[in-house]
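**Student:** Sequence isn't available, so here's the structure alone:
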């Protein structure tokens, strides 16, 4: 009987080890899929990261810059809800005349850019300056339309969001 218990306990130990290794492998595949999504979205949008430059300096379309600012803006009040992400997608499609796929790719790439800037605070000021360099004051109205539509859920702006709007106004030289 003790031999049977020893064999069963050894089989259980091996089974648990194999199960945990399989879970770790599945998690690795999921992480690789996320990285692949960002890479593919960047490729489809024509985004190319240049050597010895911050990724924000590689933004060359106003649509991507506005999407990045909007993504960072909703992340200032915590993790965005699915409703906020859907509202951002809809607003970008209407305001910037994008397809659903283009808006989704901008959101994926925008989230990556926010992480590259080490948070939404730094992202907003940096990308707002880049957007002004790219498009001047022409992007001011569409950007405000997108930001207003994302925050229309009845909640008032947080203090960090109010400060972010002031940063955007300074970047656009709006008084």
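**Tutor:** Okay, I see it. Quick caveat, the model's predicted, so the values are computed rather than measured.

**Student:** ok, the nearest residue to residue 70 once chain neighbours are set aside to residue 165 distance?
**Tutor:** Of all residues not flanking residue 70 in the chain, residue 146 sits nearest, at 4.9 Å (CB to CB, 6 or more residues apart in numbering). Just so you know, the C-beta spots here come from the backbone N, C-alpha and C atoms, and that holds for glycine as well. From residue 146 across to residue 165, the span is 13 Å (CB to CB, to the nearest Å).

**Student:** Which one of these two is surrounded by more residues?
**Tutor:** residue 146 (23 against 16; other CB atoms under 10 Å).

**Student:** for residue 125, what are its contacts?
**Tutor:** Listed by CB atoms under 8 Å, 6 or more residues apart in numbering, the contact set of residue 125 reads 164, 167, 171.

**Student:** Out of those, list just those in helices.
**Tutor:** Counting by DSSP state H, the contacts of residue 125 place 164, 167, 171 in helices.

**Student:** Which residue lies nearest the spatial centre of the chain?
**Tutor:** residue 111 (1.3 Å; CA atoms, centre = their mean).

**Student:** my read: that residue touches residue 71, true?
**Tutor:** Yes: between residue 111 and residue 71 there is a contact under CB atoms under 8 Å: 5.8 Å.

**Student:** Now restrict the ones in helices among the contacts of residue 125 to buried residues only.
**Tutor:** Among those, those classed as buried by neighbour count (16 or more other CB atoms under 10 Å) are 164, 167, 171.

**Student:** Name the nearest residue to residue 60, sequence neighbours excluded.
**Tutor:** residue 134 (7.1 Å).

**Student:** Look at the one you found and say how many residues are nearby.
**Tutor:** Considering only other CB under 10 Å, residue 134 is surrounded by 16 other residues.

**Student:** same deal with the one 10 residues further on?
**Tutor:** A total of 16 residues lie near residue 144 under the criterion other CB under 10 Å.

**Student:** ok, now how distant is it from residue 115?
**Tutor:** Here residue 144 is placed at a distance of 25 Å from residue 115 (CB to CB).

**Student:** immediately after the helix or strand of the chain with the lowest mean pLDDT, which helix or strand?
**Tutor:** Ranked by mean pLDDT, DSSP states H and E, the weakest helix or strand in the chain is helix 2-45, scoring a mean of 73. Using DSSP states H and E, the helix or strand that follows helix 2-45 in sequence is helix 62-75.

**Student:** ok, back up a step: in TSV: the contacts of residue 125, plus distance to residue 93 and pLDDT.
**Tutor:** Formatted as TSV, those follow (distance: CB to CB, whole Å; pLDDT from 0 to 100):
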residue	distance to residue 93	pLDDT
164	23	89
167	26	90
171	25	89
